[in-house]
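Chemist: give me coordinates for this.
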Amino acid sequence: MTLEDLTRLGAMALEAAVLLREVDEARGSMGPEALIARMRREGARRPALSPLATRRLPGIVYRLDRLLHGESNCYRRALVRVALDPHAASEPFVLGLDAGAGKERPIGHAWIEGTERPTFDVEFRL
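Modeler: Just a heads-up that it's a prediction; the model follows:
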């Protein structure tokens, strides 16, 4: 890993920390369609990520989300990834719901299409 890679990943981590707070506040007052559109506009303005940054971004966002909020939230994480990665900003954003989910598994999940392959009773692509 080069010094340039480390610098870019560090800057991305700082941006992710700021965005995690913004997203957490905004999701209380904005519906998914508006909030996803807002994050897409942010992501579309960014330069393409290097392959290394693309691989590392999910882990950085996950760790920061857990650190800042006590537990990680898939919706918050996916929104931040959309805002930081122009490729993610162009992909469908998926919200999955299970009608009869039990306590042993989540009732819903959010992800960027192509990054995961969960199956749910109902999936909304925005």
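
Chemist: what strand or helix carries G96?
Modeler: G96 belongs to strand 93-97 when elements are defined using DSSP states H and E.

Chemist: neighbouring strands - and their directions - for that strand?
Modeler: With DSSP bridges as the test, strand 93-97 is paired with strand 108-112 (antiparallel), strand 122-125 (antiparallel).

Chemist: just name the most buried of these.
Modeler: Highest mean neighbour count of the strands paired with strand 93-97: strand 108-112, a mean of 19 (counted as mean count of other Cβ atoms under 10 Å). To be clear about C-beta, it is placed using only N, CA and C from the backbone, and glycine gets the same treatment.

Chemist: please state the offset of that strand from the chain centre?
Modeler: Remark: strand 108-112 is offset 9 Å from the chain centroid, using Cα atoms, centre = their mean, to the nearest Å.

Chemist: ok, residues contacting that strand?
Modeler: Here strand 108-112 makes contact (Cβ atoms under 8 Å, 6 or more residues apart in numbering) with 74-75, 77-79, 81-82, 88, 91-98, 101, 116, 118, 120.

Chemist: for F120, give me the pLDDT.
Modeler: Listed pLDDT for F120 reads 87.
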